[in-house]
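Colleague: Show me the folded form of this:
(one chain, ligands or ions: 1)
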Amino acid sequence: MRKILVVEDEGKIARLVRDYLEHAGFEVVVAGDGEVALAEARRSRPDLVVLDLGLPGRDGLDVARGLRRVSNVPIVMLTARGDETDRIVGLELGADDYVVKPFSPKELVARVRAVLRRTEAASSGGTEVLRVADVEVDLPRMRVVVGGRPVELTPTEFQLLAAMVREPGRVFTRGQLLDAVHGVAFESYERAVDAHVKNLRKKIEPTPGHPRYLLTVHGVGYRFADA
Ligand code: CA
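Modeller: Predicted structure coming up:
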């Protein structure tokens with residue numbers, strides 16, 4: 001049974017989310033603040049974290065940062081309407097998706113399932129090892145090596161990179177890249193793609209400010225350099 005860590009300080013919402021996720025067949029652990037959440041993540045090794053950004057004390061973004069320091073566990077954020085900056089920062093920190101409050105618990109369950117599907121698809125997405133220039137994407141093992149150096153990616157970053165490396169030189173619009181990583185109807189939020197690309201560049205580019213692999217196509221989107 002897959003385990004979800006729900007980080008939410010409001011008891012009523014936490015209970016609602018827990019009930020729906022349990023009903024959907026997940027094991028659920030609830031943490032009411034950031035410190036407990038980080039300790040629980042280390043202890044129970046969840047398959048996914050649902051993370052409210054509005055937490056007392058250590059805030060949700062800080063918790064996301066803490067989680068990313070130690071793992072690539074998928075993160076679905078709960079954000080307040082209008083908190084666009086937090087959403088972008090969260091995605092930049094490596095969160096995989098977000099749901100805006102007030103949300104329907106059914107929608108949250110659908111997002112959780114979609115992110116887990118993506119994670120599993122990424123790890124069983126093929127038997128090949130893709131190679132372009134000195135970038136190697138090992139699909140079955142979900143591993144990336146750049147210039148002989150292993151790189152740790154989140155599931156979303158991995159999907160994004162794999163989609164582009166599969167077709168080097170092809171220009172992808174932000175919308176096409178969203179499709180490639182989500183595979184479900186998604187509140188089309190194209191700046192999310194920019195946030196993930198920025199993260200990917202930090203991880204794979206020798207000089208992120210002057211990318212060699214992940215190139216911007218102005219006014220359109222991105223392409224992976226053909227060797
Ligand atoms: Ca809250």
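Colleague: what's the closest non-adjacent residue to residue 127?
Modeller: Leaving aside its sequence neighbours, residue 127 sits nearest to residue 140 (CB to CB, 6 or more residues apart in numbering; 5.8 Å). C-betas here are computed from N, CA, C, even on glycine.
Colleague: so which strand or helix has the one you found?
Modeller: For residue 140, there is no helix or strand it lies in under DSSP states H and E.
Colleague: burial of it, as a residue count?
Modeller: By the criterion of other CB atoms under 10 Å, residue 140 has 13 neighbours.
Colleague: Could you list the domains of this structure?
Modeller: What automatic domain parsing lists as the domains of the chain is 3-121, 124-224.
Colleague: rewinding a little: dihedrals phi and psi, the residue nearest to residue 127?
Modeller: Dihedral angles phi and psi of residue 140 (degrees, to the nearest 10) take the values phi -60, psi -30.
Colleague: do the same with residue 208
Modeller: Per degrees, to the nearest 10, the backbone of residue 208 is at phi -60, psi -30.
Colleague: could you list every residue that touches residue 172?
Modeller: Applying CB atoms under 8 Å, 6 or more residues apart in numbering, we find residue 172 in contact with 163, 164, 180, 221, 222, 223.
Colleague: Helix, strand or coil: sort out the nearest residue to residue 38 once chain neighbours are set aside for me.
Modeller: Spatial nearest neighbour of residue 38, excluding adjacent residues (CB to CB, 6+ apart): residue 66 at 4.9 Å. When classified by DSSP: H, G, I helix; E, B strand; the rest coil, residue 66 comes out as helix.
Colleague: what's the answer for the one 10 residues further on, then?
Modeller: For residue 76, the reduced secondary structure class is strand; criterion used: three-state DSSP.
Colleague: what residues are up against residue 164?
Modeller: Contacts of residue 164 by CB under 8 Å, 6+ apart are 170, 172, 177, 214, 222, 223, 224.
Colleague: Let's see that with 6 Å instead.
Modeller: Residues in contact with residue 164 (CB atoms under 6 Å, 6 or more residues apart in numbering) are residue 224.
Colleague: Shouldn't it be within a strand?
Modeller: No - looking at residue 164 with three-state DSSP, it is helix, so not inside a strand.
Colleague: Distance check, it against residue 196.
Modeller: 11 Å (CB to CB, to the nearest Å).
Colleague: Of all pairs in the contacts of residue 172, which one is the farthest apart?
Modeller: Within the contacts of residue 172, 180 and 223 form the most distant pair, 13.0 Å apart (CB to CB).
Colleague: excluding its backbone neighbours, what's nearest residue 192?
Modeller: residue 91 (5.1 Å).
Colleague: Now do the same for the residue nearest to residue 127: its pLDDT.
Modeller: Note on residue 140: pLDDT of 82.
Colleague: Mind giving me the packing neighbours of the helix or strand of the chain with the lowest mean pLDDT?
Modeller: Lowest on mean pLDDT, DSSP states H and E among the helices and strands of the chain sits helix 174-182, with a mean of 77. When contacts are defined as 3 or more CB pairs under 6 Å, 6 or more residues apart in numbering; DSSP states H and E, helix 174-182 packs onto helix 155-166, helix 190-204.
Colleague: For it, buried residues please.
Modeller: Under the neighbour-count criterion of 16 or more other CB atoms under 10 Å, helix 174-182 has 174, 177, 178, 179, 180, 181, 182 buried.
Colleague: Can you give the distance from it to the centre of its chain?
Modeller: In terms of CA atoms, centre = their mean, to the nearest Å, the centre of helix 174-182 is found 13 Å from the chain centre.
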